[in-house]
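Peer 1: Coordinates for the following, if possible.
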Amino acid sequence: YGLSVRPKLEQEWQNMLADLDSLRYVGAPSERVRIDAERAARAIDFDRRTHRRCDNTTCDKLEPPGAKFAMCSACKSSYYCSPACQRAAWSAWHKRECAEMRERKANAAA
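Peer 2: Predicted structure coming up:
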């Protein structure tokens with residue numbers, strides 16, 4: 001199943017990189033822009049309700065049918081296939097993103 005979709009995802013990723021390049025960023029695009037583009041490319045042709053991917057951008061695992069990935073207990077918006085993937089994402093980018101999401105939720109509730 002995953003192999004038949006991979007060429008389409010790779011092509012879409014290349015298209016997104018070309019789009020980013022056409023914006024003529026000064027230097028390299030920010031890490032967050034790269035991660036967002038990568039996530040969008042990985043999500044193509046997948047219904048997140050039934051085919052969730054690990055939110056660690058270096059992991060390509062799909063949530064198996066009948067199983068549940070672990071959800072970030074703080075922001076409740078990111079899912080990980082293993083504690084190792086969650087730790088890797090936390091130190092790479094999720095720590096900052098998680099704090100921002102919690103702050104937005106707190107401001108919205110106030």
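Peer 1: Now do Arg34 against Arg102, distance only.
Peer 2: Distance of Arg34 to Arg102, computed by C-beta to C-beta, to the nearest Å: 23 Å. In short, each C-beta sits where N, CA and C put it, glycine included.
Peer 1: For Met101, which residues are in contact?
Peer 2: Taking C-beta atoms under 8 Å, 6 or more residues apart in numbering, we find Met101 in contact with Cys75, Ser77.
Peer 1: what about it, which helix or strand?
Peer 2: Under the criterion of DSSP states H and E, Met101 resides in helix 95-109.
Peer 1: what's the answer for Val33, then?
Peer 2: helix 31-43.
Peer 1: Can you identify the element that follows that helix toward the C-terminus?
Peer 2: For helix 31-43, the following helix or strand on the C-terminal side (DSSP H and E) is strand 70-71.
Peer 1: by contact count, what packs against that next one?
Peer 2: strand 79-80 (3 or more C-beta pairs under 8 Å, 6 or more residues apart in numbering; DSSP states H and E).
Peer 1: Parallel or antiparallel, which strands does the strand it packs on pair with?
Peer 2: Using DSSP bridges, strand 79-80 pairs in its sheet with strand 70-71 (antiparallel).
Peer 1: what does the strand it pairs with contact?
Peer 2: With contact meaning C-beta under 8 Å, 6+ apart, strand 70-71 is reached by Ser77, Ser78, Tyr79, Tyr80, Cys81, Ser82, Pro83, Gln86.
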